[in-house]
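K.L.:
what's the 3D shape of this:
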Amino acid sequence: MDGSKINGKTVTEELLLEKGYRKYTGEDLDIYYSKDICEHIGNCVRGNPDVFEVGRRPWIITDNGSVEEDIRVIDTCPSGALKYIRKGDN
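P.N.:
Residues are numbered from 1 along each chain as shown. Predicted coordinates:
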């Protein structure tokens with residue numbers, strides 16, 4: 001799944017926040033998460049526990065991984081609960 005799109009269209013911050021996603025800000029990439037969509041399959045925490053750690057607050061620390069690695073993990077999310085916006089792309 002492409003974590004930068006919803007229904008084939010590039011996501012915007014306004015759209016994601018309107019849909020109830022929470023923003024986790026990073027230097028070069030912002031990650032968005034929707035608890036209402038999440039199926040708790042765990043691809044994110046298995047994919048990079050330095051970035052995604054459920055026992056920590058905040059549970060997503062975007063800059064604990066590279067942009068490419070963050071995107072790779074987000075794209076494995078089968079529910080679409082994780083999305084991203086690369087800074088400079090919008």
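K.L.:
Could you use CA atoms for every contact and neighbour count after this?
P.N.:
OK.
K.L.:
Packing partners of the longest helix seen in the chain?
P.N.:
Criterion DSSP state H: the longest helix present in the chain is helix 67-74. Here helix 67-74 touches helix 43-47, strand 82-86, going by 3 or more CA pairs under 8 Å, 6 or more residues apart in numbering; DSSP states H and E.
K.L.:
hey, where'd the strands end up in this protein?
P.N.:
For the chain, applying DSSP state E gives strands covering 5-6, 9-10, 22-24, 29-33, 82-86.
K.L.:
ok, now which ones touch the nearest residue to residue 17 once chain neighbours are set aside?
P.N.:
With sequence-adjacent residues excluded and distances taken as CA to CA, 6 or more residues apart in numbering, residue 17 is closest to residue 23, at 7.7 Å. With contact set as CA atoms under 8 Å, 6 or more residues apart in numbering, residue 23 has these partners: 17, 30-33.
K.L.:
Nearest to residue 57 among the residues you listed?
P.N.:
residue 33 (13.8 Å; CA to CA).
K.L.:
tell me the pLDDT at that closest one?
P.N.:
As predicted, residue 33 sits at a pLDDT of 98.
K.L.:
for it, what are its contacts?
P.N.:
Residue 33 sits next to 21-24, 81-83 when contact means CA under 8 Å, 6+ apart.
K.L.:
export the helices and strands packed on helix 67-74 to TSV and tack on distance to residue 54?
P.N.:
Below are these laid out as TSV (distance: least, CA to CA, whole Å):
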stretch	distance to residue 54
helix 43-47	8
strand 82-86	14
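K.L.:
Residue 7 is nearest to which of the ones you listed?
P.N.:
Using CA to CA, the helices and strands packed on helix 67-74 put strand 82-86 closest to residue 7, at 12.4 Å.
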